[in-house]
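1. what follows is a predicted structure for the sequence shown.
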Amino acid sequence: MPQMTMVQALNLALDQSMESDDRVCLMGEDIGVNGGVFRVTQNLLKKYGENRVMDTPLAECSIIGTAVGMAMYGLKPVPEIQFSGFTMQAFDQIEQNMARMRNRSRGRYPISMVMRAPYGGGIRAVEHHSESREAYWAHTPGLKCVIPSGPRNARALLKAAIDDPDPVVFYEPKAVYRAFKEDVPDEPESMEIGKAKVAREGNDLTMIAWGAMMRPAAEAADDLADLHGIDVELIDLLSIKPMDTETIVNSVSKTGRCLIVQEAPQTCSVASEIIARLNEKAFEYLIAPIKRVSGYDIIFPYYQTEQHYLPDPDTVIEAAKDVMAWE
Amino acid sequence: MPTKTASKRSSGTKQSAQRRVTEVVAPENERPMRKTIDLGDIEDLQILNEEGEVDEALDPNLSEDELKKIHRAMVMTRKFDIRMLAMQRQGEMGTFAPGLGQEATQIGQVYPLNAKDWFSPSYRSFGAQLWRGWTLDGLMLLWAGYYEGFEIPEGINDTPFSIVIGSHVLPATGLGMAAKIRGDKSVVVTNFGDGASSQGAVAEAFNFASVYKAPVIFVLENNGWAISIPAEKQAAVREFARRGAGFGIPSIRVDGNDILGMIVASQQAADHGRAGKGPYLVEAVTYRMSVHTTADDPKVYRKEDEVKAWEAKCPIRRFEIYLRNKGILDDADFERIGKECEAEILEAREKFRARAKAKPREVFDYLYTEMPPELKEQQEEYFRKLDRKGVE
């Protein structure tokens, strides 16, 4: 099995989907000749031509709006928004059309499209390049939102998103893009949207993370086991919406304790929703209040200070010890 | 920018030069380093004037059957408009956006389309929707707040109308891009108003359509008012058709109350798209004779005199003069057709009344192809609520 970075794995997923289905087409800023600013779409223009890999004018609202039209026609567009911070320009079209056209047309025009966008901090980028706004997409009826955490699940999730009959926001943790390699099989691989993965089994504390936060969470889980004797069950959420409530509830029913790690701002966040669901469905099993290690309700810091904003293993370990302190 | 109006042709039986060219003329300049950029000419078209006089050289000479069909559609549009307003006032209809006075603009823009072409309208488009095959009772259901009203009739490629101003123009452009990519010859007509033309998304759509040479016909219905904002406050140019030139889109300004002019302009735009030449902008100059919606009172912001002046430009009246002069229909026919349309509408109202049953259990439907478990759970809770309230 070849070893790949997440960028290479995403490229493989796009390539194989385009090869097997000629309705799949890509569009976005600098995705063609340039291969995307992160090179996720490298070489695809050469292979599939301008009708299927479209270097677009610089207008995010147009990219999503016209992609919706192409999906209404019956194509399967996979538009790229260069950085998730720029999805705000496209919010109009995401909310008014992408999310609700199927409903407004009484099922006549399902919108099978995937909006890809690199999200999150940690790469020393300029302002507006580090946002984590997955809560917006979870809050918008009609959308699905998934976030991979490594090369292999990125490839499988992207295939699943492209195959999905409904619109999917595909958030790519750009801090993970080239952070490590994994074995990724040649043959196409998919996974079910809406399913979380237990990344590490444990009995003392349930830890929930997704995307780029899986790395500090996993590192903290290792240290908690090795240095503090705390046996963490780590859940990789993978799908923000729909959310795998069952896996979360089962785990917390077993451990009685839960810690959520996210880089997004705190208020009305995905962590807030997880806590609400556990309150509804696992309250009787809780030994300690659920805690979150989160980004703050501030504009994402400029890069000289971003390392202090982002949740790190030490902070996660301290929070885990707090949760464990409840008897 | 200075403009001049020049007569483009001298033929025709009437004195008025009804097809004019608005030229963008830059000041003469002697310095060679400072040149003039030619933005091209914008046609200004009228074939049937307010008095019902036709410019015979420009008359598309449609067959009698076609003319009768068009006339009937315009009358039906008006009668439907009047009936819907009455139904709203009587409490039987929800908020409704009348299109009184815009019948020629409506029918003309979709006249060149076939079923497989795409039509993506804004909300004040029932005239065009009826022409396309939407049913009278279906449109009543739609405006009365029943989901079924949004069901798109089989066999036509129409989209639901947009409510958020200008929000549909980008997807309409995407439809054209897809048609172009797939090499099919269908074209897209999308309409929006003078107000919508201020939306950034509409300008973006012009650009994308032009860059990709998408077969999209942008019909800008300049009806003078965006709720209470007059067109002269909406834009600093009087001719919205000028917008096209900056995007490389051929544009035409047409008397939107002249059905023949609308048909010729729309046909010319459709031919252009089918030939693979890209988008076209048609500015239809018309007037919103009625309220913005039934929740609006125009007395607050516009003078009755202005409305009176436009009554004289009625698109149906002038078309009836034309039909009478051609010996195709006479006054007795007009009266009969009006009555037939009204009867059809009343029949549709009965159908609507029979179908007008709210289905609260359907509100979760059609959101996802397969309902996610978390939504299923919410639906079950909602059903329990309905059960408790004894709602079916």
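-> All right, it came through fine. Numbering: from 1, shown residues only, chains lettered A, B, ... in the order given.

2. and the residue nearest the centre of the chain?
-> Just going to use chain A. The geometric centre of chain A, computed from its C-alpha atoms, lies nearest to residue A:147 (CA atoms, centre = their mean), at 1.7 Å.

3. wait, chain B was what I had in mind.
-> Residue closest to the average C-alpha location in chain B (CA atoms, centre = their mean): residue B:106, at 4.4 Å.

4. what does the pLDDT read for that one?
-> What the model reports for residue B:106 is a pLDDT of 98.

5. if I look at it, how far off is chain A?
-> According to CB to the nearest CB, to the nearest Å, residue B:106 stands 21 Å off from chain A. Using the backbone N, CA and C atoms, a C-beta is placed for each residue, glycine as well.

6. mean confidence score for the helix or strand where residue B:332 lies?
-> Assigned by DSSP states H and E, residue B:332 belongs to helix B:331-355. The predicted model assigns helix B:331-355 a mean pLDDT of 98.

7. quick one: buried residues of whichever helix or strand comes after that helix?
-> Using DSSP H and E, the helix or strand that follows helix B:331-355 towards the C-terminus is helix B:373-389. Buried residues in helix B:373-389, defined by neighbour count with 16 or more other CB atoms under 10 Å in any protein chain shown: B:374, B:375.

8. what ranges does the stretch 1-150 of chain A have for its helices?
-> Applying DSSP state H, counting those that start in this stretch to the stretch 1-150 of chain A gives helices spanning A:6-20, A:44-48, A:60-73, A:91-93, A:101-104, A:134-139.

9. then the stretch 151-300 of chain A?
-> Under DSSP H, counting those that start in this stretch, the stretch 151-300 of chain A gives helices at A:151-163, A:214-228, A:245-255, A:270-281.

10. with mean neighbour count, distance to chain B and mean pLDDT added, can I get those helices in CSV?
-> Putting the helices of the stretch 151-300 of chain A into CSV (neighbours: other CB atoms under 10 Å in any protein chain shown; distance: least, CB to the nearest CB, whole Å; pLDDT from 0 to 100) gives the following:
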stretch, mean neighbour count, distance to chain B, mean pLDDT
helix A:151-163, 25, 11, 98
helix A:214-228, 19, 22, 98
helix A:245-255, 19, 6, 98
helix A:270-281, 18, 8, 98
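
11. quick one: closest of those to residue B:79.
-> Residue B:79 sits nearest to helix A:151-163 of all these, at 48.6 Å, using CB to CB.

12. in chain A, which residue sits closest to chain B?
-> residue A:69 (2.1 Å; CB to the nearest CB).

13. OK, contacts around the closest residue in space to that residue that isn't next to it in sequence?
-> Computed as CB to CB, 6 or more residues apart in numbering or on different chains, the closest residue to residue A:69 that is not its neighbour in sequence is residue B:174, at 2.1 Å. By CB atoms under 8 Å, 6 or more residues apart in numbering or on different chains, residue B:174 lies in contact with A:65, A:66, A:67, A:68, A:69, A:70, A:71, A:72, A:73, A:77.

14. biggest separation within these, which pair?
-> A:65 and A:73 (13.4 Å).

15. looking at the two, which one has more neighbours?
-> residue A:65 (30 against 24; other CB atoms under 10 Å in any protein chain shown).

16. shouldn't the more buried one be in contact with residue A:93?
-> Yes - Residue A:65 is within contact range of residue A:93, at 4.0 Å (criterion: CB atoms under 8 Å).

17. who touches both of those two?
-> B:170, B:171, B:201.

18. now, which of those residues sits nearest residue B:304?
-> Using CB to CB, the shared contacts of residue A:65 and residue A:93 come closest to residue B:304 at residue B:201, 34.6 Å.

19. off-centre distance for stretch A:317-327?
-> Its chain's C-alpha centre and that of stretch A:317-327 lie 27 Å apart, by CA atoms, centre = their mean, to the nearest Å.

20. what comes up buried for it?
-> A:317, A:319, A:320, A:323, A:324.

21. same check on stretch B:144-160?
-> B:144, B:146, B:147, B:149, B:150, B:151, B:152, B:156, B:157, B:158, B:159, B:160.
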